[in-house]
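K.L.:
sequence-free structure coming up:
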């Protein structure tokens, strides 16, 4: 109940009014009592202490006086107005100075019963002056002083029962209570009005804060005043707008990072300082070959995948955390035939930190390096063989000049010429591949008849096939269309495939050349019953300098670059050059091309 700001303000105002009226009432009552006591003793002092005539009259007996007490009473009657004696609340008493017996009094209401415990009366009975002692806490006021009149001793005693003060205090208390009641009513109303004035804007601010906390930053509070609450409202609106802009920027940055982590090719795994996984992108899971769930340390979950489980064999967690800024540790790992390179580095954010592991897949890079080393070795070997032959035959000719028969000399020169041609072919093929790799070899695109090109290549190789006793046949579908491409390069591919089939098919073999159309594609297949290619060697058949039977390839004059060049040409035409798996001996090579040429989207 008292948690409400309304009730708190009402309670504060109520307590304020009650406290104020209590203090004011106590002050008024105390002031009234003090005033009456002061007025009483001031009057007594003025009458008995300063009026010399009165004192003389009280002390001087009248000639022939028989009753001094009565005479004193008559004198006091004449001063009733100055003394404030009213016969009810305030009275005078003339007492015997020896016994304290009341001789005369103005109190006609009742028999006088005097309180001899009064300090003033006790002092007077003992013949001492100073009967003007006041006591605020006492229920009465009195003065007493001895008078010697003639040969008799008397005590004049003025007694006030303070009934008038009590009546006035009662009236004051009643007034204060009524004032307090009306004051409380007014204060409650005012406090409600004031609390409404203050609380309604605060409630609006609270509602706005709740909506902002729920993510609704478009809600704007109305600035209804220019006071502190109005300034606070305006500041809240500005804060909400700034918060929305900041959260938008943070969300954009987070989306960028999420997109970056999601689609980056490198794997990234982040760990907390305790080794729990706090982030892992799909690339890391794919490279490591296992899912990497994120640990929830706040809920006390025990992580099944942590740093020690995933990378503890590379380097302990504390060693990585101890690495200096901008430093990292390196490691490698083989996973499912992949070569992975790991970079482990610490990161810090305010009081927290952790370890970031970046995973690079260097499988292709290592394969490329291996192929490069193999390529250099193959080039060196391919060039060294003809060079060695040329040098050997040339040295023989030089050393035996004029001594060897002309017939043998002619044979030696023929070998030198053949090896020179072989070196020329190797260099030309290497230059062709180099131009393809560098992009300097452009295709001369133009429409040409695909069927005519196949038939021309067939006729060009027909004599060579007959020389080996091969039964080479050509089967063309009717009305083969024109295609767009570099006819010279396409014919080069056809020549390479057919010549390979002739070379690597034993004499008296069978070779079948077929060509046709399949939708927006045209195709050509060359099948033979030759030595074929083992299944384990087929994935590498289009690599440079790769031969299945190296000795036989060299004998036939091959360089090991023909199929590589053919594959490059077909790839540049966005076509397909592949081996077809078919039962039986021999080999089938299939070439497919788009009719509309490179860049045309086929259905």
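P.N.:
Now that the structure is in, tell me what you want to look at. No experiment lies behind these values; they were computed from the predicted model shown.

K.L.:
list the helices and strands whichever helix or strand residue 198 is part of packs on?
P.N.:
Secondary-structure element containing residue 198, defined by DSSP states H and E: helix 163-213. Contacts defined by 3 or more CB pairs under 8 Å, 6 or more residues apart in numbering; DSSP states H and E place helix 163-213 against helix 5-44, helix 228-263. (C-beta placed from N, C-alpha, C; glycine too.)

K.L.:
worst-scoring helix or strand of the protein, pLDDT-wise?
P.N.:
Lowest mean confidence among the helices and strands of the chain (mean pLDDT, DSSP states H and E): helix 550-555, at a mean of 46.

K.L.:
so can I have a markdown table of the helices and strands packed on helix 163-213 showing mean neighbour count?
P.N.:
Listed next are these as a markdown table, based on neighbours: other CB atoms under 10 Å:
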| stretch | mean neighbour count |
| --- | --- |
| helix 5-44 | 15 |
| helix 228-263 | 13 |
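
K.L.:
related to what we said a few turns ago, need the next SSE after the least confident helix or strand of the chain, C-terminal direction.
P.N.:
By DSSP H and E, the next helix or strand past helix 550-555 is helix 562-572.

K.L.:
could you list the buried residues of that following helix?
P.N.:
562-570, 572 (16 or more other CB atoms under 10 Å).

K.L.:
can you tell me which of those residues is nearest residue 172?
P.N.:
Taking CB to CB as the measure, residue 172 lies nearest residue 572 of the buried residues of helix 562-572, at 115.5 Å.

K.L.:
any idea how far the closest one lies from residue 319?
P.N.:
50 Å (CB to CB, to the nearest Å).

K.L.:
what does residue 182 give?
P.N.:
In terms of CB to CB, residue 182 sits 82 Å off from residue 319.

K.L.:
ok, residue 229 next?
P.N.:
Taken as CB to CB, the span from residue 229 to residue 319 is 58 Å.

K.L.:
just residue 144 next, same as before
P.N.:
105 Å.

K.L.:
from residue 256, how far off is the residue sitting nearest the centre point of the chain?
P.N.:
Centroid check for the chain by CA atoms, centre = their mean gives residue 250 as the closest residue, at 7.8 Å. The gap separating residue 250 from residue 256 is 11 Å, by CB to CB.

K.L.:
cool, residue 289 as well?
P.N.:
Residue 289 is 28 Å from residue 256, by CB to CB.

K.L.:
state the helix or strand in which the closest residue to residue 124 other than its chain neighbours lies.
P.N.:
The shortest distance from residue 124 to any non-neighbouring residue, by CB to CB, 6 or more residues apart in numbering, is to residue 144 (3.8 Å). Here residue 144 sits within strand 141-149, counting by DSSP H and E.

K.L.:
residues of that strand that come out buried?
P.N.:
Going by neighbour count (16+ other CB under 10 Å), the buried part of strand 141-149 is 141-147, 149.

K.L.:
and what of stretch 586-600?
P.N.:
Neighbour-count burial for stretch 586-600 flags 586-595, 597-598 (criterion: 16+ other CB under 10 Å).

K.L.:
which of those residues lies closest to residue 124?
P.N.:
Nearest member of the buried residues of stretch 586-600 to residue 124, counting by CB to CB, is residue 598, at 140.4 Å.

K.L.:
who's in contact with the closest one?
P.N.:
Residue 598 makes contact with 443, 445, 485, 572-574 under the criterion CB atoms under 8 Å, 6 or more residues apart in numbering.

K.L.:
only whichever of these are buried, select them in PyMOL.
P.N.:
Applying 16+ other CB under 10 Å to the contacts of residue 598, the buried members can be selected in PyMOL as follows:
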select buried, resi 485+572+573
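
K.L.:
pipe the contacts of residue 598 into CSV and attach distance to residue 514 per row.
P.N.:
As requested, the contacts of residue 598 are exported to CSV (distance: CB to CB, whole Å):
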residue, distance to residue 514
443, 25
445, 25
485, 19
572, 24
573, 20
574, 22
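
K.L.:
which one of the contacts of residue 598 is nearest residue 191?
P.N.:
Of those, the one sitting nearest to residue 191 (CB to CB) turns out to be residue 574, at 85.9 Å.

K.L.:
helix, strand, or coil at the nearest residue to that closest one once chain neighbours are set aside?
P.N.:
In this structure, residue 574 finds its nearest non-sequential neighbour in residue 598, 4.4 Å apart by CB to CB, 6+ apart. Secondary structure for residue 598, judged by DSSP: H, G, I helix; E, B strand; the rest coil, is coil.

K.L.:
how close does residue 598 get to residue 482?
P.N.:
Taken as CB to CB, the span from residue 598 to residue 482 is 15 Å.

K.L.:
same check, this time on residue 568
P.N.:
In terms of CB to CB, residue 568 sits 23 Å off from residue 482.

K.L.:
against the centre of the protein, work out the most remote residue.
P.N.:
The chain, CA atoms, centre = their mean, max distance from centroid: residue 64 (116.6 Å).

K.L.:
can you confirm it is in a strand?
P.N.:
No: counting by three-state DSSP, residue 64 is not part of a strand but coil.

K.L.:
give me the phi and psi angles of it.
P.N.:
phi 80, psi 20 (degrees, to the nearest 10).

K.L.:
so who does residue 331 touch?
P.N.:
By CB under 8 Å, 6+ apart, the residues touching residue 331 are 311, 314-315, 341-342, 344.

K.L.:
at 7 Å instead, please
P.N.:
Applying CB atoms under 7 Å, 6 or more residues apart in numbering to residue 331 gives the contacts 314-315, 342, 344.

K.L.:
what helix or strand is it on?
P.N.:
Going by DSSP H and E, residue 331 is part of strand 329-335.

K.L.:
note down every partner strand of that strand and its orientation.
P.N.:
Sheet partners assigned to strand 329-335 using DSSP bridges are listed as strand 338-349 (antiparallel).

K.L.:
any idea which helix or strand comes after the strand it pairs with?
P.N.:
strand 352-361.

K.L.:
what angle sits between that next one and strand 329-335?
P.N.:
Relative orientation of strand 352-361 and strand 329-335, computed by axes from the mean of the first three to the mean of the last three CA atoms, to 10 degrees: 50 degrees.

K.L.:
and strand 352-361, which residues are buried?
P.N.:
354-361.

K.L.:
what does stretch 194-203 give?
P.N.:
For stretch 194-203, the neighbour count (16+ other CB under 10 Å) marks 195, 198-199, 201 as buried.
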